[in-house]
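Q: next input, structure requested:
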Amino acid sequence: MNQLIRWTFFGLGLLCAIVVVYLYVLAPHLLGVRRHRVENLAIGICSVVLMVGSWYQSPIGWYAGLAVCLYNILEGIMRWRRLFGGSTVTAPRVGMGIWLGFNGLLIALLLSFPGRHTFHTTTS
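A: Numbering: from 1, shown residues only. Model (predicted):
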């Protein structure tokens, strides 16, 4: 179970880091205003910390995983109406719902005993 949790969060960190590198290197026009650039850079740094922390099963990886998942959920909720107006087809909504549900599941996993034990954040 610990290895599954470890590799799941390593993969999440890798995916987020790849997206941030893609945005900065190949598609900087998609970043938009300065606030979005700083925000994406912060989530990219947090993703790299998540990758390294999950690789070494460090408590910092637990905190970074919590931050990345919370960011993904809050970002999806705050931008839901702007991204999906009334005339949007169902497939993107379902995909975003699955992404939000997946991140919620990962937060629940991090807060559970196996998740905390994987990243050595328990005292026993």
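Q: rest of the way, CA atoms for contacts and neighbours
A: Noted.
Q: lowest-confidence helix or strand of the chain?
A: helix 80-83 (a mean of 70; mean pLDDT, DSSP states H and E).
Q: any idea which helix or strand carries residue 17?
A: For residue 17, the host element (DSSP states H and E) is helix 2-25.
Q: which elements pack onto that helix?
A: In this structure, helix 2-25 makes packing contacts with helix 34-55, helix 113-118, judged by 3 or more C-alpha pairs under 8 Å, 6 or more residues apart in numbering; DSSP states H and E.
Q: do you know how far the residue sitting nearest the centre point of the chain is from residue 38?
A: Taking C-alpha atoms, centre = their mean as the criterion, residue 68 is the residue nearest the geometric centre of the chain, at 3.7 Å. As judged by C-alpha to C-alpha, to the nearest Å, residue 68 and residue 38 stand 15 Å apart.
Q: what of residue 61?
A: Following C-alpha to C-alpha, the distance that separates residue 61 from residue 38 is 21 Å.
Q: out of these two, which sits in the busier spot?
A: residue 61 (28 against 12; other C-alpha atoms under 10 Å).
Q: show me what contacts that one?
A: By C-alpha atoms under 8 Å, 6 or more residues apart in numbering, the contact set of residue 61 is 49-54, 119.
Q: will you turn those into a markdown table that also has pLDDT?
A: Output for the contacts of residue 61, formatted as a markdown table (pLDDT from 0 to 100):
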| residue | pLDDT |
| --- | --- |
| 49 | 92 |
| 50 | 90 |
| 51 | 91 |
| 52 | 92 |
| 53 | 90 |
| 54 | 90 |
| 119 | 87 |
